[in-house]
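# the following comprises the amino acid sequence and a computationally predicted model.
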Amino acid sequence: MGSDDVVIDPWGSAQSTDYERIIQQFGLSPLEGVDLPSPSKLHRRGIVFAHRDVDQVLEAQRTGDPFGVLTGLMPSGQMHLGHSMVVEQVKWFQEQGGDVTIAVADLESQATRGVSLEKGRQVALEEYIAHYAAMGLDPQKTNVYFQSSRPVVQRLGFQLGKRTNLNEFESIYGFDGETNLAHVQAPLVQVGDILHPQLDEYGGLRPVVVPVGVDQDPHLRLTRGLAAKTNWFNLRDASSRGLLVSLSVHDENADVFGQMPNGRVDKAKVAAVFDQVVAAASELGFSDIMSSPKQGHVHIPSATQRDKHALRLALLRLERRLGGMGLLAPSSTYHHFAVGMTGNKMSSSQPKTTLFLRDDLAAVEKKIKRAFSGGQATVEEHRRLGGNPDVDVAYQYMMYFFEEDDAYLAEVNAAFRSGQLLAGEMKQLCIDRATAWMNDLHEMRDQTAHLVADFLAEDAR
Ligand code: TRP
């Protein structure tokens, strides 16, 4: 790691907003240029800015194949505007046909914030799920569960923990000898959260996307790495053309793959596995398939990049038939953080930095009036020099949260930049929009309160 590299700490309060560098350093893909069906305002405005493997989710969406969406919430404190961004994205994926799983991270909350499981449950239902319902998630297509009451999640974390070590945690999270072990356990449970929807009892093998802020990317890197390490088959580009499938031999599959304890190879077993790989590929319609067990690979020369996804799924299905877990690395999308109202980071522990979803309208007005402004010090200067909407909280909050209309927003942006629209006028526009948005939310919350229980999975009731 270079000395100026960013370490993202999912529990820390520091937040890097150098998104270009984050994309570069962690190998995210820019979302710009990816063709999305009916993009939401967060997509249109570049607020959701990067992804990993979102193509495999969009591909499933296009072809009508199942895909899942997963998010998790820490049941501590009050829900604020920042939290609502993930909900908006989850809702968007739900509207595109995804099934939704929501993890209540009650174990993580207990371990890292000292919230009892009982309190966690109450906060999750009354504060979080109540607002998810108000924001329009469909209870029929959403499953909420608690980490503490879904043992398979913990079991999976434990099982996969075998494939990582403290060195990896140190490099991903910047841990050292002082690190509390709850911070070692929580990510493993989160790995279980993210991967378990692919198990047969929870919907089976399918792409699952996790929309997050960049602070959660370390968990995704860990999860993707661990899932890949369990895979029985590798799929890679052939040096000539097409794709190559090879075996990844480890403890769990040594027997099936004909690796005998004395170091010899049972050729008949290897041949049988290769035949099944060939069969899986021909089922996808490939006819030209070259199987060379001796060289250790199956070559499919006519397979292109576009075939990778279908092939990967076919190999994972085969792996499952042979006794493996057959886990697909999760996809993810990343959003920018909205600036805090004071101009610094948004934080639940500093109420002035954000709007809570339960703030009353008087508080909303007061906070916006006091928010950091991108205007000039005097009206005369503002008229002459113009304001900066990029740092103006009132403008930013309309863009992130309250204003759907792109054309209107562009107008306001230009008027502020030119000095025609004053800082106080911008704040008033924001207050009007925020008031309408909050009113709407509060009304919906009353109307949907009776639905909260319907969001709960059976093991959460
Ligand atoms: N760690 C997340 C947070 O701090 C909560 C969480 C738990 C989560 N499991 C998850 C988020 C799975 C996304 C996916 O908010």
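Arrived safely, thanks for sending. Numbers count the residues shown, from 1 in each chain.

# what helix or strand is F416 on?
In this structure, F416 sits in helix 406-418 according to DSSP states H and E.

# check T112 too.
Using DSSP H and E, T112 falls in helix 106-113.

# do the same with H183
helix 182-195.

# what about the very next helix or strand once past that helix, near the ligand?
Downstream of helix 182-195, the first helix or strand assigned by DSSP H and E is strand 208-213. Yes. Contact of strand 208-213 with the ligand (C-beta under 6 Å from any ligand atom) involves V210, V212. Placement of C-beta: from N, CA and C, glycine included.

# can you pull the pLDDT of the residue lying closest to F169 once chain neighbours are set aside?
Nearest non-adjacent residue to F169, counting by C-beta to C-beta, 6 or more residues apart in numbering: F175, 5.0 Å away. At F175, the pLDDT value in this model is 90.

# I figured F175 hits L166, correct?
Yes. Counting by C-beta atoms under 8 Å, L166 is a contact partner of F175 at 7.2 Å.

# quick check: neighbours shared by the two?
Contact criterion C-beta atoms under 8 Å, 6 or more residues apart in numbering; residues shared by F175 and L166: V184.

# comparing these two, which shows the higher neighbour count?
For F175 versus L166, neighbours defined as other C-beta atoms under 10 Å are more numerous around F175 (19 against 12).

# helices or strands up against the helix holding F416?
Judged by 3 or more C-beta pairs under 8 Å, 6 or more residues apart in numbering; DSSP states H and E, helix 406-418 is in contact with helix 393-397, helix 423-448.

# the longest one: how far from the chain's middle?
Here helix 423-448 is found 27 Å from its chain centre; the criterion is C-alpha atoms, centre = their mean, to the nearest Å.

# buried residues, it. List them.
Under the neighbour-count criterion of 16 or more other C-beta atoms under 10 Å, helix 423-448 has 423, 426-427, 429-431, 433-434, 437-438, 442, 445, 448 buried.

# then stretch 240-257?
G242, L243, L244, V245, L247, N253, V256, F257.

# what is the nearest of the buried residues of helix 423-448 to the ligand?
The shortest approach to the ligand among these belongs to R445, at 21.4 Å (C-beta to the nearest ligand atom).

# excluding its backbone neighbours, what's nearest the closest one?
A134 (3.9 Å).

# for this structure, identify the residue most remote from the centre.
Here the centre of the chain is the reference, and by C-alpha atoms, centre = their mean the most remote residue is E380, at 45.5 Å.

# need the contact partners of the helix or strand hosting it.
Assigned by DSSP H and E, E380 belongs to helix 379-385. The contact list for helix 379-385 (C-beta under 8 Å, 6+ apart) reads G375, Q376, G419, Q420, L422, A423.

# packing partners of the helix or strand of the chain with the lowest mean pLDDT?
The weakest-scoring helix or strand in the chain, judged by mean pLDDT, DSSP states H and E, is helix 19-26 (a mean of 85). Applying 3+ C-beta pairs under 8 Å, 6+ apart, we find helix 19-26 packed against strand 48-52, helix 217-230.

# after that helix, next one along is what?
strand 29-30.

# what residues of the following helix or strand past that following strand count as buried?
Of the helices and strands lying after strand 29-30 in sequence (DSSP H and E), the nearest is helix 41-44. Buried residues in helix 41-44, counting neighbours by 16+ other C-beta under 10 Å, are found at K41, L42, H43.

# pLDDT on helix 41-44, on average?
Averaging pLDDT along helix 41-44 gives 97.

# what mean pLDDT does the helix holding H183 get?
Averaging pLDDT along helix 182-195 gives 94.

# and that helix, what other elements does it pack with?
Helix 182-195 packs on strand 68-73, helix 106-113, helix 151-161, helix 166-173, strand 208-213, helix 217-230, going by 3+ C-beta pairs under 8 Å, 6+ apart.

# quick revisit: now the contacts of helix 379-385 in a markdown table, with distance to the ligand?
Output for these, formatted as a markdown table (distance: C-beta to the nearest ligand atom, whole Å):
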| residue | distance to the ligand |
| --- | --- |
| G375 | 34 |
| Q376 | 38 |
| G419 | 41 |
| Q420 | 41 |
| L422 | 38 |
| A423 | 34 |
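
# out of those residues, which are buried?
Applying 16+ other C-beta under 10 Å to the contacts of helix 379-385, the neighbour count classes G375, Q376, G419, L422, A423 as buried.

# related to what we said a few turns ago, list just the nearest of the buried residues of stretch 240-257 to the ligand.
Among the buried residues of stretch 240-257, N253 lies closest to the ligand (C-beta to the nearest ligand atom), at 28.0 Å.

# didn't the closest one look like it was pressed against W232?
Yes. The pair N253 / W232 is scored as a contact, 5.1 Å apart, by C-beta under 8 Å.

# need the overlap of contacts for the two.
L247, L322, G324.

# L220 contacts H51, correct?
No. Using C-beta under 8 Å, L220 makes no contact with H51, being 10.5 Å away.

# looking at these two, which one has more neighbours?
L220 (23 against 20).

# and that one, how far from F372?
Distance, L220 to F372, by C-beta to C-beta, to the nearest Å: 31 Å.

# point me to the residue of the stretch 51-200 of the chain nearest the ligand.
For the stretch 51-200 of the chain, C-beta to the nearest ligand atom, closest residue to the ligand: G72, 2.3 Å.

# quick check: closest non-adjacent residue to that residue.
A103 (3.7 Å).

# so what's the residue count around that neighbour?
Neighbourhood size, A103 [other C-beta under 10 Å]: 26.

# got the domain boundaries for the chain?
The record's domain split for the chain, according to automatic domain parsing, is 19-230+329-337, 233-322, 351-449.

# and the angle for the helix holding F416 with helix 423-448?
Angle, helix 406-418 to helix 423-448, by axes from the mean of the first three to the mean of the last three C-alpha atoms, to 10 degrees: 150 degrees.

# hang on, G296 packs against L247?
Yes. G296 lies in contact with L247 (C-beta under 8 Å); the separation is 6.7 Å.

# show me whatever sits in contact with both of the two.
Common neighbours of G296 and L247, using C-beta under 8 Å, 6+ apart, do not exist here.

# re earlier: the buried residues of stretch 240-257: which two are farthest apart?
The largest separation in the buried residues of stretch 240-257, counting by C-beta to C-beta, is between G242 and V256 at 25.8 Å.

# quick one on the thing from earlier: what's the helix holding T112 in contact with?
Applying C-beta under 8 Å, 6+ apart, the set of residues contacting helix 106-113 is 11, 74-76, 115-117, 120-121, 124, 146-148, 154, 180, 182-183, 185-186, 189-190.

# next, the buried residues of that helix.
Under 16+ other C-beta under 10 Å, the buried positions of helix 106-113 are D106, L107, E108, S109, Q110, A111, T112.

# go on, stretch 345-363?
K345, M346, S347, S348, T353, T354, L355, F356, L357, R358, D359.

# could you give the separation of that stretch from the chain centroid?
Put simply, stretch 345-363 sits 24 Å off its chain's centre (C-alpha atoms, centre = their mean).
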